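In: I would like to see how this sequence folds:
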Amino acid sequence: MPVEFKKVPSWKLRAACRGVEAEIFYPITDEEAEDAKAVCMTCSVREPCLEWALANRERDGVWGGATERERRRMVRQRRRSA
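Out: Residues are numbered from 1 along each chain as shown. Sure thing, here's the model as predicted:
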């Protein structure tokens, strides 16, 4: 049976987090997310990363500089304004 590979979005190849220890992007608390957010704030593809996480309902980790809780809030705000 052939192995299927998911296409990696091109923005992921340019992400500042490539090569950084993944553990920092999966903090236990929001307070521990500062190191991950600092990496995200230097990233040229932060916005597409965040939009991908929102569109795909990514539940874990820091994506595009936003924690799980922050992304849930963004989704609720977008629903209200739609």
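In: what helix or strand is Cys49 located in?
Out: Assigned by DSSP states H and E, Cys49 belongs to helix 46-55.
In: which helices and strands sit right next to that helix?
Out: helix 10-13, helix 68-81 (3 or more CB pairs under 8 Å, 6 or more residues apart in numbering; DSSP states H and E). For glycine as for every other residue, the C-beta is placed from the backbone atoms N, C-alpha and C.
In: got the angle for that helix vs helix 68-81?
Out: 80 degrees (axes from the mean of the first three to the mean of the last three CA atoms, to 10 degrees).
In: may I see the buried residues of helix 46-55?
Out: For helix 46-55, burial by neighbour count (16 or more other CB atoms under 10 Å) applies to 46, 48-50, 52-54.
In: quick one: which of the helices and strands packed on helix 46-55 is nearest Ala38?
Out: Minimum separation from Ala38 across those (CB to CB) falls at helix 68-81, 15.0 Å.
In: which other helices and strands does the closest one contact?
Out: Checking 3+ CB pairs under 8 Å, 6+ apart, helix 68-81 ends up next to helix 46-55.
In: now do the helix it packs on, average pLDDT.
Out: What helix 46-55 shows for mean pLDDT is 96.
In: so what touches it?
Out: Contact with helix 46-55 is made by 9, 11-12, 15, 40, 43, 58, 63-66, 71, 74-75, 78, as judged by CB atoms under 8 Å, 6 or more residues apart in numbering.
In: where does the prediction get shaky in this structure?
Out: Within the chain, the segments meeting pLDDT under 70 span 1-5.
In: contact partners for the residue nearest the centre of it?
Out: Nearest to the geometric centre of the chain sits Trp63, at 1.4 Å (CA atoms, centre = their mean). By CB under 8 Å, 6+ apart, Trp63 lies in contact with 25, 49-50, 52-53, 71.
In: distance of it relative to Ile24?
Out: Separation of Trp63 from Ile24 (CB to CB, to the nearest Å): 13 Å.
In: with Arg14 instead?
Out: 19 Å.
In: higher neighbour count, those two?
Out: Using other CB atoms under 10 Å, the more surrounded residue of Arg14 and Ile24 is Ile24, with 18 against 13.
In: OK, contacts around the more buried one?
Out: Ile24 sits in contact with 35-36, 39, where contact means CB under 8 Å, 6+ apart.
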